[in-house]
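**Student:** Next one to model:
(3 chains, ligands or ions: 3)
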Amino acid sequence: MKDDVIICRCEDITYGEIVEAIDSGLTTLDELKRVLRTGMGPCQGRTCSRLISRIIVERVGGEVADMKTLLDRPPTMPVEIGILAGEGNEE
Amino acid sequence: MNHRRDGILRNEELKHHLPPLTRLSAGPVVVIECVEDIPCNPCVQACPRDAIVIEGDINNTPTVDYDKCNGCGLCISACPGLAIFVVDASRADGLGTVTLPYEYLPLPKKDEIVSAIDREGNIVSDALVTRVVDSKALDRTPLVSIEVPQQYVMIVRHFRCKDGRD
Amino acid sequence: MRLTRHPILEFDRGREIEFEFEFDGRRLLGFEGESIAAALHANDIRVFRESVRRKRPRGFFCAIGRCSSCLMTVDGIPNIMTCVTPLREGMRVETQRGKGTIPLADLSSAGSPPPEPRRDSDDGATIPLAIVGMGPAGLSAAAYAGRMGVETVVIDENLVPGGQLIKQTHMFFGSREHYAQIRGVDIGDRLIANLESLPVKLMLGTTVLGLYPDRTLSLLAGTRHMQLKADAVILATGASENMLAFENCDLPGVYGAGAVQTLMNVHGVVPGKRVLMVGAGNIGLIVAYQLLQAGVDVAAVIDAAPEIGGYHVHAAKIRRAGVPILISHTILRVTGPDRVESAEICRVDDHWQPVPGSERKLPVDAVCLAVGLTPNCELAFQMGCRQTYMSELGGPVAVHGPDLETSIPGVFIAGDASGVEEASTAMIEGRLAGLAAAEWLGAESDTDELARLRDEAADSLKTLRAGPFGAKAREGKEKMLSSMNEDKAGTQ
Ligand SMILES: Cc1cc2nc3c(=O)[nH]c(=O)nc-3n(C[C@H](O)[C@H](O)[C@H](O)COP(=O)(O)OP(=O)(O)OC[C@H]3O[C@@H](n4cnc5c(N)ncnc54)[C@H](O)[C@@H]3O)c2cc1C
Ligand code: FES
Ligand code: FES
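**Tutor:** Ligands and ions are numbered 1, 2, ... in the order given. As a prediction, the model looks like this:
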């Protein structure tokens, strides 16, 4: 795949950037997320996690099955912080 | 080539699912082009003469008792796969008819000339529309009967209106 | 382009209204209540924003508020998800550049307030059973739990119930008990009708943001944030579409199959004039057929696999309409200055590698991706349900047994969320989960009746999965069961 293919569209991260990070030793979704922000966009990795897992496996081997998912922390949807803090309830 | 590679059924795969030649020449009869084991059976209930049977498991393909079938066509619009046709190759004038489900706009009118199309999307001949049924019972799957040269009744499975639209 | 006539659907559009586009106050026409994205699309506007770092043009992609591609500035507020925000008269819609300074707004903080959920439940209330998702699985679960006398609340983020069904114009397979021969769009209505006179409340327009180990659901309806505590929970949250990476895959005009269906079958706006469909499974084949019915050309349906994945009957419908199906083919790139103008495809070899020299350029203005689904299990994972990866079921799923109970007692998962399958199996799984939840809650009901209904549903599920197309789900569920049993044996 070409280096400039967008993998994480929320954060505009390319295949090349991800491969470079993996090759530098970041081999889990979580580590990549901390450094590259992949999976930190408003979609919270829904769109890109699966693709990134595949790239990790392609670079360092292993099984997609063993990859820990990112999607296990609330909220499931991007929300304005104020709403969670209760500001949204205007009555 | 088989149908899993290009989506086209050929005679080799179809032959176990077709009415015998003697039945074809005796009058209108159903052709069910359903060759895969999928869980589905509305055709069985649609037939008023109990001519369509799915034995045992609902995944089995339907079998037709061609002696019971009179080609009424009530099963055509019941098939979610739009895989049922009624063909009539019994006429002496060299013409035959194919009745097929048609879920496109515009719906042709009776006596309109359309282009008859085969399973691969190729135009094979002109065809005269002899009947259009779009009743409420058909639930938006209208039936259209078209007249084609008799040798094409097992080839034609679609048509296109002449103004180019499907 | 808007559809005025459709062989299956009638579009019940709202009032025609004007809204503003861009600073120069260009005035466009749309229909009140349709999504902003659909209105823009109908006006042939494809570029909605500029991406955050690389300033790439983006249009909408998923149409259901999941991907963030469609964020725009609406009435001065940035980060509005235009694909799920209803259009209002006089709205000012602007292309968004960069991230926008105000934190991501929820789907309805712009314009006038959203329609109220049909029936609200009290803030902080406790109810016996909460069901998340009003697709075939959730609605069937509600009907069966309700029949057992369980007081139930069903929650869905959409404004209409039905889940995937509301976009399906084709007749469904199965037998009478699975509503075979009825069009998906009409099955939802029947499932809702089944709830008549049962103790079931529907909360529409409400997203479940979180599910906590104490069974508290955190809910968002418009700008109102609420909590709901439930004794038992059924997750019937469906599945999300998979993305495919290729050159320029983020260019406006590349859509998920679900987005194309939403645009075309819910809003009556076609995605383009000529479409390339990627994926020859049932979804790709069916959506290709639906495109043809809407008068859109389908240049080809391609699939990297060496066989067509979907039913032959679906393939046959589009083949006789003249659409080629190219197996062992993939998409290399799309090109165009700020929207798709062509797509390049090529053959792949036995190792899925592009065959040099086999490239072909197709003039298309849209590409539709139908490359598989992943179960929506986030809520189960948040709560701490044990997860496992099951490629047969579509990816990571919450471990569950034949009664659909997860590793947390009283928490059930059903339908596509428990493994990607079909509406027919989703309905039956929903029934089983509804019955299991009722039993778990100790519903005062006829236990014989419950057992009878459960056996009936279990049989039906077995039959539905018995054929070759059910093999994957069957194997996935069996594998999960044996790993569960091993785990149990290990901990004893
Ligand atoms: C093009 C296409 C054609 C199909 N054709 C057929 C067919 O012919 N026959 C067949 O049997 N099946 C068919 N299917 C499959 C069928 O539609 C699905 O299997 C079925 O809808 C799954 O039902 P479900 O209830 O599990 O999920 P869904 O129908 O996806 O419903 C899940 C609901 O949960 C909601 N939800 C999710 N998360 C949250 C949350 N956090 N908060 C609030 N709400 C939430 C979603 O918005 C959605 O409304 C088709 C699917 C597609 C895409
Ligand atoms: S695409 Fe990566 S976080 Fe959204
Ligand atoms: S979030 Fe609107 S298109 Fe995906």
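**Student:** got the contact list for C:Gln181?
**Tutor:** Counting by CB atoms under 8 Å, 6 or more residues apart in numbering or on different chains, C:Gln181 makes contact with B:42, B:78-80, C:171-172. Every C-beta, even on glycine, is put in place using the N, C-alpha and C of the backbone.
**Student:** How about the secondary structure of it?
**Tutor:** Under DSSP: H, G, I helix; E, B strand; the rest coil, the three-state class of C:Gln181 is coil.
**Student:** Compute the distance between it and ligand 2, please.
**Tutor:** For C:Gln181, the distance to ligand 2 (CB to the nearest ligand atom, to the nearest Å) stands at 39 Å.
**Student:** which residues touch the nearest residue to that residue once chain neighbours are set aside?
**Tutor:** Leaving aside its chain neighbours, C:Gln181 sits nearest to B:Pro42 (4.0 Å; criterion: CB to CB, 6 or more residues apart in numbering or on different chains). With contacts defined as CB under 8 Å, 6+ apart, the neighbours of B:Pro42 are B:78-80, C:175-176, C:180-181.
**Student:** What subset of the residues you listed is buried?
**Tutor:** In terms of neighbour count (16 or more other CB atoms under 10 Å in any protein chain shown), the buried residues within those are B:78-80, C:175, C:180-181.
**Student:** Could I get the buried residue list for the longest helix belonging to chain A?
**Tutor:** Identified as the longest helix of chain A according to DSSP state H is helix A:49-60. Buried residues in helix A:49-60, counting neighbours by 16+ other CB under 10 Å, are found at A:49-53, A:55-57.
**Student:** can you check stretch C:358-367 too?
**Tutor:** Residues of stretch C:358-367 classed as buried: C:362, C:364-367 (neighbour count, 16+ other CB under 10 Å).
**Student:** do stretch C:72-82 as well
**Tutor:** In stretch C:72-82, counting by 16+ other CB under 10 Å, buried: C:72-74, C:78-82.
**Student:** Any part of that stretch near ligand 2?
**Tutor:** No: under the criterion of CB under 6 Å from any ligand atom, stretch C:72-82 makes no contact with ligand 2; the nearest approach is 12.9 Å.
**Student:** Tell me if that stretch is near ligand 3.
**Tutor:** Yes: taking CB under 6 Å from any ligand atom as the criterion, stretch C:72-82 and ligand 3 are in contact, through C:Met81.
**Student:** Endpoint to endpoint, that stretch covers what distance?
**Tutor:** This stretch, stretch C:72-82, spans 7 Å end to end (CA to CA, to the nearest Å).
**Student:** Let me see the contact set for C:Ala294.
**Tutor:** Taking CB under 8 Å, 6+ apart, one finds C:3, C:6, C:264, C:270 in contact with C:Ala294.
**Student:** Farthest pair within those?
**Tutor:** Pairwise distances across the contacts of C:Ala294 peak at 10.2 Å for C:His6 and C:Val270 (criterion: CB to CB).
**Student:** from the buried residues of stretch C:72-82, which is closest to C:Arg386?
**Tutor:** Distance to C:Arg386, by CB to CB, is smallest for C:Met81 among those, at 32.3 Å.
**Student:** residue contacts, C:Val200?
**Tutor:** C:142-143, C:145-146, C:152-154.
**Student:** what number of residues lie near the nearest residue to C:Val269 once chain neighbours are set aside?
**Tutor:** Leaving out its chain neighbours, the residue that sits closest to C:Val269 by CB to CB, 6+ apart is C:Ala42, at 4.6 Å. Other residues within reach of C:Ala42, judged by other CB atoms under 10 Å in any protein chain shown, total 21.
**Student:** so C:Ala42 touches C:Gly30, yeah?
**Tutor:** Yes: if you go by CB atoms under 8 Å, C:Ala42 and C:Gly30 touch, sitting 6.8 Å apart.
**Student:** how about the residue nearest the centre of chain A, secondary structure?
**Tutor:** Closest to where the C-alpha atoms of chain A average out (CA atoms, centre = their mean) is A:Gly39, at 2.0 Å. With three-state DSSP as the basis, A:Gly39 sits in coil.
**Student:** Could you give the number of residues near the closest residue to it other than its chain neighbours?
**Tutor:** In space, and not counting its chain neighbours, A:Gly39 is closest to A:Gly45: 3.2 Å by CB to CB, 6+ apart. Other residues near A:Gly45 come to 21 when the count uses other CB under 10 Å.
**Student:** Give the helix, strand or coil label for C:Val287.
**Tutor:** helix.
**Student:** What distance do you get for it to A:Leu51?
**Tutor:** Counting by CB to CB, to the nearest Å, the separation of C:Val287 from A:Leu51 is 22 Å.
**Student:** And C:Ala193, by the same measure?
**Tutor:** 41 Å.
**Student:** Then C:Asn265?
**Tutor:** 28 Å.
**Student:** what do you get for B:Gln151?
**Tutor:** For B:Gln151, the distance to A:Leu51 - CB to CB - is 52 Å.
**Student:** neighbours of C:Ser482, just the number please.
**Tutor:** 9.
**Student:** That one sits in which helix or strand?
**Tutor:** When secondary structure is defined by DSSP states H and E, C:Ser482 falls within helix C:471-491.
**Student:** who does the longest strand seen in chain B pair up with?
**Tutor:** For chain B, the strand with the greatest residue count under DSSP state E is strand B:123-133. Paired strands of strand B:123-133, with direction, are strand B:113-118 (antiparallel), strand B:143-149 (antiparallel) (DSSP bridges).
**Student:** Next, the contact list for the residue nearest to C:Val269, please.
**Tutor:** C:1-2, C:30, C:267, C:269.
**Student:** Check the gap between it and C:Pro375 for me.
**Tutor:** Counting by CB to CB, the gap from C:Ala42 to C:Pro375 is 33 Å.
**Student:** so B:Leu14 sits in a strand?
**Tutor:** No: applying three-state DSSP, one finds B:Leu14 to be helix, outside a strand.
**Student:** mind listing what it touches?
**Tutor:** B:Leu14 neighbours (CB under 8 Å, 6+ apart): B:33, B:35.
**Student:** got it, and C:Arg54?
**Tutor:** Applying CB under 8 Å, 6+ apart, the residues near C:Arg54 are A:6, A:12.
**Student:** Can you classify it by secondary structure?
**Tutor:** Going by three-state DSSP: C:Arg54 is coil.
**Student:** Please report phi then psi for the spatially closest residue to A:Cys48 that is not a sequence neighbour.
**Tutor:** In this structure, A:Cys48 finds its nearest non-sequential neighbour in A:Cys8, 4.1 Å apart by CB to CB, 6+ apart. Taking degrees, to the nearest 10, you get phi -100, psi 100 for the backbone angles of A:Cys8.
**Student:** show me where pLDDT drops low in chain B?
**Tutor:** B:1, B:164-166 (pLDDT under 70).
**Student:** Residue of it closest to ligand 1, please.
**Tutor:** B:Pro80 (6.8 Å; CB to the nearest ligand atom).
**Student:** I'd assumed C:Phe173 was in contact with that residue.
**Tutor:** Yes: assessed by CB under 8 Å, B:Pro80 is found in contact with C:Phe173 at 5.0 Å.
**Student:** lowest-pLDDT helix or strand in chain A?
**Tutor:** Lowest on mean pLDDT, DSSP states H and E among the helices and strands of chain A sits helix A:81-84, with a mean of 52.
**Student:** Brilliant, that's me finished.
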